[in-house]
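>>> below is the structure, and that's it, no one-letter string:
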């Protein structure tokens, strides 16, 4: 709704001296209270106890414009606040998975020491970490090398051969193989029947060695050296 007209500061002329805005030859009969312009009797209409011009009456009769809905970005902000951390977390797990796939298989089998540079052995050598080993003489210094002990003379007579039980008599041997131990123990139950095409896994479960030691847990990959029987 437009603001009310501001009355002129100068003293206006009497209403009979005014002329209609639309008809210059007609005398003004009333003044529109909304726009403040003079009109003749044919140009004004009575509305709710007031005389209004046709233009102001049409503006008041027209429906008010519908309020424009404000744009709401709340769903978009909520989606970004939830989706961004989820996407970052997914990339973190994806990168961690790619790193895990690069770990060699021998790391899981506890045989990664075989790929290290140096002399190859059946078992990694253990370093002596005792406090007395730090004060031992260095082996590369010829002055600190210990003297070799005197060798004992070998007996002229050979010792008597040890009698073997029937299950330990020499027989066909199978070549060493790497397999998985399925049962912990040594000499559990009767040994399997000895023959070259026998089941290596049965021999492994009955007697398996890795550096002279028995397996520590089921499923460990060992180098089988079955006894000759």
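Noted; the coordinates are in hand. Keep in mind it's a predicted model, so treat the numbers as computed, not measured. Numbers count the residues shown, from 1 in each chain.

>>> C-alpha only now, for contacts and for neighbours.
OK.

>>> how is the chain partitioned into domains?
By the record's domain assignment, the chain is partitioned as 15-61, 168-229 (automatic domain parsing).

>>> what's the least confident stretch among those?
Note on the domains of the chain: domain 168-229 shows the lowest mean pLDDT, a mean of 46.

>>> next structured bit after the biggest helix by length in the chain?
Criterion DSSP state H: the longest helix present in the chain is helix 74-101. Proceeding N to C from helix 74-101, the next assigned helix or strand is helix 105-108, under DSSP states H and E.

>>> what does that following helix rub up against?
residue 112 (CA atoms under 8 Å, 6 or more residues apart in numbering).

>>> what about residue 31, neighbour count?
19 (other CA atoms under 10 Å).

>>> correction: residue 53
Other residues close to residue 53 by other CA under 10 Å number 26.

>>> show me the contacts for it.
32, 39, 43, 44, 45.

>>> tell me what it is bridged to.
Assessed by DSSP bridges, residue 53 has beta-bridge partners residue 44.

>>> and the longest helix of the chain, average pLDDT?
Computed over helix 74-101, the average pLDDT equals 93.

>>> elements contacting it?
Packing partners of helix 74-101 (3 or more CA pairs under 8 Å, 6 or more residues apart in numbering; DSSP states H and E): none among the helices and strands.

>>> what about residue 152, which SS state?
When classified by DSSP: H, G, I helix; E, B strand; the rest coil, residue 152 comes out as coil.

>>> who wins on neighbours among the contacts of residue 53?
For the contacts of residue 53, neighbours tallied by other CA under 10 Å; top is residue 39, 25 neighbours.

>>> ok, now which ones touch it?
19, 20, 21, 22, 28, 29, 30, 31, 32, 53.

>>> so which bits of stretch 61-81 are buried?
Buried residues in stretch 61-81, counted by 16 or more other CA atoms under 10 Å: none are found.

>>> among the contacts of residue 39, name the buried ones.
19, 20, 28, 29, 30, 31, 32, 53.

>>> can you tell me how far the third one sits from residue 19?
When CA to CA, to the nearest Å is the yardstick, residue 28 and residue 19 sit 5 Å from each other.

>>> now the fourth one
Computed with CA to CA, the distance linking residue 29 and residue 19 is 8 Å.

>>> what do the two both touch?
38, 39, 40.

>>> could you dump those residues to CSV with secondary structure and distance to residue 81?
Listed next are the shared contacts of residue 29 and residue 19 as CSV, based on DSSP: H, G, I helix; E, B strand; the rest coil; distance: CA to CA, whole Å:
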residue, secondary structure, distance to residue 81
38, strand, 62
39, strand, 63
40, coil, 66
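
>>> looking at the contacts of residue 53, spot the one nearest residue 117.
Nearest to residue 117 among those is residue 32, at 106.3 Å by CA to CA.

>>> residues touching that closest one, list them.
When contacts are counted by CA under 8 Å, 6+ apart, residue 32 touches 38, 39, 44, 51, 52, 53.

>>> could I get these as JSON lines with distance to residue 83?
Listed next are the contacts of residue 32 as JSON lines, based on distance: CA to CA, whole Å:
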{"residue": "38", "distance to residue 83": "65"}
{"residue": "39", "distance to residue 83": "66"}
{"residue": "44", "distance to residue 83": "64"}
{"residue": "51", "distance to residue 83": "63"}
{"residue": "52", "distance to residue 83": "60"}
{"residue": "53", "distance to residue 83": "60"}
